[in-house]
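Visitor: The following block contains a protein sequence and its predicted model.
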Amino acid sequence: MVPDYVKKAMDTEICKNCKNVVIGKGNLNADILFVGEAPGRNEDEQGVPFVGAAGKNLDKLLNNVGLSLEDVYIANILKCRPPENRDPLPEEIKAHTPWLLEQIKKIKPRVVCSLGNYATKFFFAKGDVDEMKIQKGITSVHGNVKEIEMEGVRFKLIPLFHPAAIIYKRDLLPLWEKDLETVKKEIKKTVSQKRLF
Ligand code: URA
């Protein structure tokens, strides 16, 4: 039986027109979840998130903070590529994020790194897509850790610039590197906290 949250996403035009549905990659038992925006051309071809140029930067990020794919799960707000990589539409976010919420319930992450504006606003709005437009953008909130509870799961949200933005805007690099220190610190805290139980 196909679950309703899958049917809902599959019913959108972008899913009818894409090559592959991109669900996620990594470890479903991980403590750390990364959430991007939507698959790009390479991801659509391969059915795997973050395999293109932005993915190379995400790999560097993971490497830099001492993580591998075994330690994280990586997913997106949209599971299918919007044509010409246009921005996600609110109706698409509404149709696709019940799937992401199911992933959150299953993974129960302790740390969520939101990559870029769409993922960050989704979490700041606690999943209420209509509230996303009144949330602050990534430029003002990047690196600021916030405790969030969604779907009965409490986690630390760390908003990060989208790894693709680092490619186009080199002046973001020092900010990005500083935010990575925050990621390292939070992960260290989370892991040591977990050892107490
Ligand atoms: N950008 C994203 O936000 N997600 C991907 O999977 C690839 C590029």
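Guide: Now that the structure is in, tell me what you want to look at.
Visitor: what ranges do the helices span in this protein?
Guide: Using DSSP state H, the helices of the chain run over 4-10, 13-17, 41-46, 53-64, 90-107, 116-124, 138-141, 163-168, 173-195.
Visitor: can you redo those as CSV with distance to the ligand, mean pLDDT and mean neighbour count?
Guide: Every C-beta, even on glycine, is put in place using the N, C-alpha and C of the backbone. Converted to CSV, these look like this (distance: least, CB to the nearest ligand atom, whole Å; pLDDT from 0 to 100; neighbours: other CB atoms under 10 Å):
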stretch, distance to the ligand, mean pLDDT, mean neighbour count
helix 4-10, 15, 98, 16
helix 13-17, 13, 96, 15
helix 41-46, 4, 98, 18
helix 53-64, 4, 94, 17
helix 90-107, 12, 98, 19
helix 116-124, 6, 98, 23
helix 138-141, 12, 98, 15
helix 163-168, 6, 93, 18
helix 173-195, 15, 86, 14
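Visitor: Residue nearest the middle of the chain, spatially speaking?
Guide: Val35 (0.5 Å; CA atoms, centre = their mean).
Visitor: which ones are touching that one?
Guide: Contact partners of Val35, counting by CB atoms under 8 Å, 6 or more residues apart in numbering, are 74-77, 100, 112-115, 119, 122-123.
Visitor: let's go with 7 Å and repeat that
Guide: Each residue near Val35 by CB atoms under 7 Å, 6 or more residues apart in numbering is listed here: 75-77, 100, 112, 114-115, 119.
Visitor: That one and Ile104: what is the separation?
Guide: Per CB to CB, to the nearest Å, Val35 is found 9 Å from Ile104.
Visitor: Next one, pLDDT for whichever residue of the chain sits closest to the ligand please.
Guide: In the chain, the residue that lies nearest the ligand is Gly36 (2.9 Å; CB to the nearest ligand atom). pLDDT recorded at Gly36 is 98.
Visitor: circling back to that earlier point, nearest spatial neighbour of the residue nearest to the centre of the chain, skipping sequence neighbours?
Guide: Leaving aside its chain neighbours, Val35 sits nearest to Ala119 (4.3 Å; criterion: CB to CB, 6 or more residues apart in numbering).
Visitor: For that neighbour, give me its contacts.
Guide: 35-37, 77.
Visitor: No further queries at this time; thank you.
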